[in-house]
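# After the sequence you'll find the predicted model.
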Amino acid sequence: MSHTTVHTLPAAVVEGLRAGTLAPYLGSGLLTLCEGVTPPADPPALAGVLTTKVSVPGKIRNRLTAAAQFIENFKHRKTLVKAMGEAYALSAAPSPLHCWLAALPSPLVVDTWYDDTTRQALAGRTDWAEVQGLSQSEHFGTWVGWYDAQGQSCPDPVEATTVLYKPWGGRAPAGNYLISDSDFVEVLTEIDIQTPIPALVQQRRAALGFVFLGCRFNDQLPRAFARQILKRSAGPHYAVLPDEPTRMEARFLDEMGITRLALPLDEVARQWTGALPVAA
């Protein structure tokens, strides 16, 4: 299986998103579309924020999950959660693309960053729910938490029109974070057999392809999660990736059969939100 690179925006992508047969899969890069001051928008930036709050050895200062593990080990989990909450207390105003995506009838939206921008964009609707990954250090034996559109915790899965799935957690509504090495080791130990992935997400993906927006695959963690979330999904899959892929990214795109859309994210956003015509 190999990937294809295209330099125009296929109409089939926007049509699939509008029809609810393609699901948005969002990464931290989406924050670059937001105006004004934004919270940390990539792992190095977040590592920088955390390590200004707690002193961390220089050799791991730029390695986000290792730095978070050091803080958890030597300053307690509560210190790490508090630092994450402070890092994302500043909410970015949703961009036009966030708002456009939030208005779609998507059965599933995957959001792999800690900010609450997508949740804000969905706030005008009542027919959505959120499911977040939970840290085993805080919720041992429980892999996910469900929340309704008002942010109230729900004991059972919510059969909403749109389900927002945040596999790494997020600041709102409850400050759940997968962030340290141990958080991810616990999940990755089980993810091959799909245990940490909500059953409702597994059911819905069976009829869906995914469109990656603001994502990079140049690290093992985003590749591992994307690989398992896409497992047994219908396809096709697309990734807006303007920069030339690294060797590992290219291998991942090949493995998953993802079509690379070699266009800047802001240009794609302008086309989809109505400023430019969509290519045929």
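Now that the structure is in, tell me what you want to look at. Just so it is clear, the model here is predicted, and its values are computed rather than measured.

# now residue 233, nearest residue through space, not along the chain?
Spatially, and ignoring its direct neighbours in sequence, residue 233 is nearest to residue 205 (4.2 Å; CB to CB, 6 or more residues apart in numbering). Quick note: C-beta positions are derived from backbone N, CA and C, even for glycine.

# can you tell me which residues contact residue 56?
50, 67, 70-71 (CB atoms under 8 Å, 6 or more residues apart in numbering).

# Could I get the full set of strands for the stretch 51-200 of the chain?
Applying DSSP state E, counting those that start in this stretch to the stretch 51-200 of the chain gives strands spanning 108-111, 128-133, 144-147, 153-154, 162-166, 169-170, 176-177.

# Need the ones you listed in a markdown table (columns: distance to residue 237).
Shown next, in a markdown table, are those (distance: least, CB to CB, whole Å):
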| stretch | distance to residue 237 |
| --- | --- |
| strand 108-111 | 12 |
| strand 128-133 | 21 |
| strand 144-147 | 23 |
| strand 153-154 | 30 |
| strand 162-166 | 16 |
| strand 169-170 | 24 |
| strand 176-177 | 27 |
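
# Now render the ones you listed as CSV, adding mean neighbour count.
Below are the strands of the stretch 51-200 of the chain laid out as CSV (neighbours: other CB atoms under 10 Å):
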stretch, mean neighbour count
strand 108-111, 24
strand 128-133, 24
strand 144-147, 20
strand 153-154, 12
strand 162-166, 24
strand 169-170, 24
strand 176-177, 24
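
# of all the ones you listed, which lies closest to residue 39?
strand 169-170 (11.0 Å; CB to CB).

# Please enumerate the helices of the stretch 1-150 of the chain.
For the stretch 1-150 of the chain, the helices defined by DSSP state H, counting those that start in this stretch occupy 11-19, 43-53, 64-75, 77-87, 96-102, 117-122.

# ok, back up a step: adding distance to residue 243 and mean pLDDT as columns, could you present the strands of the stretch 51-200 of the chain in JSON lines?
As requested, the strands of the stretch 51-200 of the chain are exported to JSON lines (distance: least, CB to CB, whole Å; pLDDT from 0 to 100):
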{"stretch": "strand 108-111", "distance to residue 243": "21", "mean pLDDT": "98"}
{"stretch": "strand 128-133", "distance to residue 243": "28", "mean pLDDT": "96"}
{"stretch": "strand 144-147", "distance to residue 243": "32", "mean pLDDT": "96"}
{"stretch": "strand 153-154", "distance to residue 243": "39", "mean pLDDT": "94"}
{"stretch": "strand 162-166", "distance to residue 243": "25", "mean pLDDT": "97"}
{"stretch": "strand 169-170", "distance to residue 243": "26", "mean pLDDT": "96"}
{"stretch": "strand 176-177", "distance to residue 243": "28", "mean pLDDT": "96"}
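
# if I pick the residue most central in space within the chain, what's in contact with it?
With distances taken as CA atoms, centre = their mean, the chain has residue 112 as the residue nearest its mean C-alpha position (1.6 Å). Neighbouring residues of residue 112 by CB under 8 Å, 6+ apart: 25-28, 166-168, 215, 222, 225.

# ok, 6 Å please
Applying CB atoms under 6 Å, 6 or more residues apart in numbering, we find residue 112 in contact with 27, 168.

# switch to numbering from 626
Sure, I'll start counting at 626 from here, so that last one is residue 737.
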